[in-house]
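A.B. asks: 3D, please:
(chains A and B)
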2 protein chains.
Amino acid sequence: MAKPSSRGCLIIIGGREDRRSSGQILQEISRRARGGRLVLVTLATEQPDKIAREYRRAFSALGVKLFHLGVRNRNRVAQVDTGLLRRAKVILFSGGDQLKLTSELGGTPLCDSIRELYVHGATLAGTSSGASAMSDTMIVSGRGEKSPDTNSLPRMAPGLAFIQDVVIDQHFAERGRIGRLIAVIAENPRVLGIGIDEDTAVVLENGQLSVIGSGGVYVVDGRSVTYSNVADHNDTVISAFNVTVHLLSDSDRFDIAKRVPIASSEVRRKAS
Amino acid sequence: MAKPSSRGCLIIIGGREDRRSSGQILQEISRRARGGRLVLVTLATEQPDKIAREYRRAFSALGVKLFHLGVRNRNRVAQVDTGLLRRAKVILFSGGDQLKLTSELGGTPLCDSIRELYVHGATLAGTSSGASAMSDTMIVSGRGEKSPDTNSLPRMAPGLAFIQDVVIDQHFAERGRIGRLIAVIAENPRVLGIGIDEDTAVVLENGQLSVIGSGGVYVVDGRSVTYSNVADHNDTVISAFNVTVHLLSDSDRFDIAKRVPIASSEVRRKAS
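C.D. replies: Numbering: from 1, shown residues only, chains lettered A, B, ... in the order given. The predicted structure follows:
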């Protein structure tokens, strides 16, 4: 769950969000960036300038000026004056390769400053690889569209740890990733699996996540699991019995500490 | 569940099973066909002869002679002498289009004879479309690789009803179909969802299913569901909370009446 000390917000996006100014997710980001700075980090991608142009166009139409932090490697990251983050209200991590993002950014003063910002109330947003990298342990690779076997479990690596005890997967329905997420939560049912479709995001604040966007979010809770063969280390496909899956859509919420979903209708009722 | 009166067996295959004589699923079929006839029904496909050649080659290497029932439409089906089924121990339904299979075969004396055979102990096997068509209600279409919304729920139609109260989906991990199967079980949690990967089958006998093959089987039990928006009829993606999912692999079993999974290790322990 989010460190209780954090007053900030995470916007964790399943990739391929609508990048027109009418896009619901970009609107949410711009709402939170107003009156401050929106900083785009493109360390994950090989096409930083192209991506920056796309985002700049959309956010400019939404009245938000984007600052593109175009550094491309760890040496340059070390030279960044962290003072440029002073007015930042949102840091947005692009997609690309999550290992590139964590290997270039992890353990640098810039990364510490970003975490500090988040603790004090800023929003960190990440899409695709930028979404995966937000948790303490992240999925690096693992074929979707095939149920994994116990000898080909998803590869994992340490993430940026803005959020603990969850594992995030993206492009979720589009790339048929339920099998690999079940495999990960079977490895350790302590972690909560969160699979996010494209053009869909979870907004995480105060220990509650709220869904926005055009797709679904699959919350995979392994605490109910009664059996798995994940430690068998053979060529058998993963077995995992009694996995609890919540499929959430726009405006549904989920209480991460209690692991309880809240329907959008219930959210509206409470608000009225 | 299987009609309690049936002494037969269903082999429900997720498509693209290994069609070499070394293939585990074809071996299971041939084991059950020995000493009798294996009849192949290709009504679902546009390429009946090609498919018959493939199967004939494999089964011949396994010592089983295949009889290809090559009729291609309802009029011809009506003329089939059902006596040819007399020595049949296995009927195998090819893949193709499940609506073609049910519309050409449903309600014919041949279909009644096949059901009769099954009730008296024969094995009915079906792959891909031939698998989907086995239940009383079957999925006809519905995009995988995208979480369905309440205005684009999977299209369904009456199946051949060799098994009741389940809905079968095939090519499951390969085509990312967890979303559409959750949608179907949310429509009516009475039915049990069974999603079968390619080159994987469930063998259903005496109310218990047993998994064989190289992939996984996703059993989706909606009885635990506490909320869904499936009847909202709007453009929102499906929400369904507290779905129970069992991921089964080779030699795992599932008791359909009790809705309880049984691990392969447990199966072996009981047998020894």
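A.B. asks: residues of the stretch 51-200 of chain A that sit close to chain B?
C.D. replies: A:144-147, A:149, A:173-179, A:182, A:197 (CB under 8 Å from any CB of the partner chain). Heads up, the C-betas are built off the backbone N, CA and C, glycines and all.
A.B. asks: can you classify whatever residue of the stretch 1-150 of chain A ends up closest to chain B by secondary structure?
C.D. replies: Using CB to the nearest CB, the closest approach of the stretch 1-150 of chain A to chain B is made by residue A:147 at 3.3 Å. Here residue A:147 is coil, with the state taken from DSSP: H, G, I helix; E, B strand; the rest coil.
A.B. asks: from what I see, it and residue B:173 are in contact.
C.D. replies: Yes: with contacts counted by CB atoms under 8 Å, residue A:147 reaches residue B:173, the gap being 4.6 Å.
A.B. asks: quick one, strands of the stretch 101-250 of chain A?
C.D. replies: Counting by DSSP state E, counting those that start in this stretch, the stretch 101-250 of chain A has strands at residues A:123-127, A:137-141, A:155-158, A:166-169, A:192-196, A:200-205, A:208-213, A:217-221, A:227-228, A:240-248.
A.B. asks: next up, the contacts around whatever residue of the stretch 51-200 of chain A ends up closest to chain B.
C.D. replies: Proximity of the stretch 51-200 of chain A to chain B (CB to the nearest CB) peaks at residue A:176, 2.9 Å away. Contacts for residue A:176 (CB atoms under 8 Å, 6 or more residues apart in numbering or on different chains) come out as A:144, A:145, B:144, B:145, B:173, B:174, B:175, B:176, B:177, B:178.
A.B. asks: regarding chain A, what is its longest helix?
C.D. replies: helix A:48-61 (DSSP state H).
A.B. asks: off-centre distance for it?
C.D. replies: In terms of CA atoms, centre = their mean, to the nearest Å, the centre of helix A:48-61 is found 20 Å from the chain centre.
A.B. asks: so what touches it?
C.D. replies: Outside helix A:48-61, the residues that touch it by CB under 8 Å, 6+ apart are A:19-21, A:23, A:26, A:29-30, A:33, A:38, A:40, A:42, A:45, A:65-66, A:68, A:70, A:72, A:92, A:94-95.
A.B. asks: any idea which helix or strand comes after it?
C.D. replies: strand A:66-69 (DSSP states H and E).
A.B. asks: list the neighbouring strands of that following strand plus their orientation.
C.D. replies: In its sheet, strand A:66-69 lies beside strand A:37-41 (parallel), with partners assigned from DSSP bridges.
A.B. asks: report the beta-bridge partners for residue A:243.
C.D. replies: For residue A:243, the beta-bridge partners under DSSP bridges are residue B:245.
A.B. asks: tell me the confidence at it?
C.D. replies: In this prediction, residue A:243 carries a pLDDT score of 97.
A.B. asks: return the residues in contact with it.
C.D. replies: Applying CB under 8 Å, 6+ apart to residue A:243 gives the contacts A:182, A:185, A:186, A:220, A:221, A:222, A:224, A:225, B:244, B:245, B:246, B:247.
A.B. asks: what about the first one, how many residues nearby?
C.D. replies: Neighbours of residue A:182 under the rule other CB atoms under 10 Å in any protein chain shown: 31.
A.B. asks: now do the second one
C.D. replies: Residue A:185 is surrounded by 24 other residues when neighbours are defined as other CB under 10 Å.
A.B. asks: now it. Nearest residue, chain neighbours left out?
C.D. replies: Take residue A:185 and drop its neighbours on the chain: the residue closest to it by CB to CB, 6 or more residues apart in numbering or on different chains is residue A:222, 3.6 Å away.
A.B. asks: from residue B:198, how far off is residue A:146?
C.D. replies: 9 Å (CB to CB, to the nearest Å).
A.B. asks: who are the contact partners of the residue sitting furthest away from the middle of chain A?
C.D. replies: Distance from the C-alpha centroid of chain A peaks at residue A:234, with 31.2 Å (CA atoms, centre = their mean). Residues near residue A:234 by CB under 8 Å, 6+ apart: A:149, A:150, A:151.
A.B. asks: can you select the buried ones among the residues you listed for me in PyMOL?
C.D. replies: Provided next is the PyMOL selection string for whichever of the contacts of residue A:234 are buried by 16 or more other CB atoms under 10 Å in any protein chain shown:
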select buried, chain A and resi 149+150
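A.B. asks: could the strands of the stretch 101-250 of chain A be laid out in JSON lines, adding distance to residue A:267?
C.D. replies: Converted to JSON lines, the strands of the stretch 101-250 of chain A look like this (distance: least, CB to CB, whole Å):
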{"stretch": "strand A:123-127", "distance to residue A:267": "20"}
{"stretch": "strand A:137-141", "distance to residue A:267": "29"}
{"stretch": "strand A:155-158", "distance to residue A:267": "33"}
{"stretch": "strand A:166-169", "distance to residue A:267": "21"}
{"stretch": "strand A:192-196", "distance to residue A:267": "18"}
{"stretch": "strand A:200-205", "distance to residue A:267": "12"}
{"stretch": "strand A:208-213", "distance to residue A:267": "8"}
{"stretch": "strand A:217-221", "distance to residue A:267": "14"}
{"stretch": "strand A:227-228", "distance to residue A:267": "33"}
{"stretch": "strand A:240-248", "distance to residue A:267": "11"}
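A.B. asks: give me the nearest residue to the residue of the stretch 51-200 of chain A closest to chain B, chain neighbours excluded.
C.D. replies: residue B:176 is the one closest to residue A:176 (CB to CB, 6+ apart), at 2.9 Å.
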